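Visitor: A predicted structure for the sequence below; I have some questions about it.
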Amino acid sequence: MNYLLFFLLALAVSALLTPIMRDVAARRGFLDFPNQSRKIHNRPAALLGGVAIYLSFLIAILVYLKLGAPNLNIVPLKFFCAIIFGGLILIVGGILDDKYNLPPKILWLFPAIASAVVVWSGIGVGIKFLTNPFGGAPIFIGYHFQLSTFNLSLPAMLAWLWLMGMIFTTKFLDGLDGLCGGVAFIGGLTMFAISLTEKVNQPITASIAIIFSGAILGFLLYGFNPASIFLGESGSTFLGFMLGTLSVILGAKIATALLVMGIPILDVAWVIIRRVWYHRSPFKGDRQHLHFRLLDIGLSQRQAVLVLYGISAIFGLTAVFLQSMGKLIALLLLSVVMLILALTTVILYKRKHPHIPDLFEYAGSKGVDPVDETHQV
């Protein structure tokens, strides 16, 4: 009952704040203009949806800390402070980017600092072993390194890299109405369910996850297609930040997050590799992501989003019930699904647009991407 009450609280606050932030964005000029080929909306759209999610999450968390009587010996108060302050850093950076379109060399600093705040608080640093999926003794990762005057541990560095990876995954995923928010919502519910399992049994983490999920759902009432407000930079980064943090607090449930976010992660990895291969900035947006490819082969926005929702939900559900070896097998299966999905979209796209040059026709053409934005129809 308590979980339901906090979920409804976050949902209600988010549902009230989101249209307010939409109006603020419109009045203050926080708008996303359809001035690039990868932007598929046909009129300026309000940003700052992420601000509504963050504020709803913050309000519900403060009420939880006041009334929920959590056992702070399990998840110390400094962890809550790190999550709140780290999220605030992302929100500030996102607001500045939505208004002034910050260059990537500056924009990446906000996720880097927010991730460092979480690591410095001790989240994930105490993890010394990872479960061996093949059985046998756990894998020891508690190594320490001396870098100048800083004493760094391998768990701390891995936690920071993991958080950065999750932040940029959701940032790149935010391309269709409701896609990033819906996948993050599925991820939050998955973390909630795993927190309640007998093996994990972490009521505090369950409460954080369900509050996070409620805040997202309130936004999705306005952010699903046809969306009247977008997440913006602040929202797309905050969602990945929270998913990464929750998976670490749960005791390095990295495989769980990978199963929920597997398709977006693999998609981001492929797109970044492709951009680097063609000597382009890995941070420069284009239409090469899987969700855009699904549109190019004829799916509507809703259909493309629901397909990706379905994949995330199926693999997220398996994560709740599978043990380590089962999750490894599921990850391999997920990779196969991604490969089949990618090949299918490429084949169908080529049939629909036969005039688009083939990759091999560009062999040796330095810096030219055969499916760059300039070739888009």
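Guide: Yes, it's here.
Visitor: ok, residues contacting stretch 306-320?
Guide: Stretch 306-320 has contacts (Cβ atoms under 8 Å, 6 or more residues apart in numbering) with 179, 182-183, 186-187, 189-190, 193-194, 197, 255-256, 259-264, 290-291, 294, 299, 326-327, 330, 334, 337. Using the backbone N, CA and C atoms, a C-beta is placed for each residue, glycine as well.
Visitor: Filter those residues down to the buried ones and express that as a PyMOL selection.
Guide: In PyMOL, this line selects whichever of those come out buried by 16 or more other Cβ atoms under 10 Å:
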select buried, resi 179+182+183+186+187+189+190+193+194+255+256+259+260+261+262+263+264+290+291+294+299+327+330+334+337
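Visitor: helix or strand for the nearest residue to Ser121 once chain neighbours are set aside, which one?
Guide: Closest residue to Ser121 apart from its sequence neighbours, by Cβ to Cβ, 6 or more residues apart in numbering: Ala82 at 3.4 Å. Taking DSSP states H and E as the criterion, the element that holds Ala82 is helix 77-100.
Visitor: Same check on Ile329?
Guide: Counting by DSSP H and E, Ile329 is part of helix 324-352.
Visitor: tell me which residues of that helix are tucked away?
Guide: Judged by neighbour count (16+ other Cβ under 10 Å), helix 324-352 contains these buried residues: 327, 330-331, 334, 337-338, 341-342, 345, 348-349.
Visitor: Show me what that helix is packed up against.
Guide: Packing partners of helix 324-352 (3 or more Cβ pairs under 8 Å, 6 or more residues apart in numbering; DSSP states H and E): helix 254-277, helix 290-296, helix 301-321.
Visitor: Just tell me which of those helices ends up closest to Gly50.
Guide: Nearest to Gly50, of all those, is helix 254-277, at 17.0 Å by Cβ to Cβ.
Visitor: If you count contacts, what does the closest one end up packed against?
Guide: Helix 254-277 packs on helix 154-173, helix 179-195, helix 232-249, helix 290-296, helix 301-321, helix 324-352, going by 3+ Cβ pairs under 8 Å, 6+ apart.
Visitor: Take those helices and write them to TSV, including distance to Ile20 and mean pLDDT.
Guide: Shown next, in TSV, are the helices and strands packed on helix 254-277 (distance: least, Cβ to Cβ, whole Å; pLDDT from 0 to 100):
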stretch	distance to Ile20	mean pLDDT
helix 154-173	23	87
helix 179-195	18	92
helix 232-249	15	92
helix 290-296	28	76
helix 301-321	25	86
helix 324-352	38	75
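Visitor: Thought Ala25 was touching Ser228, still the case?
Guide: No: Ser228 lies out of contact with Ala25 (Cβ atoms under 8 Å); the separation is 10.4 Å.
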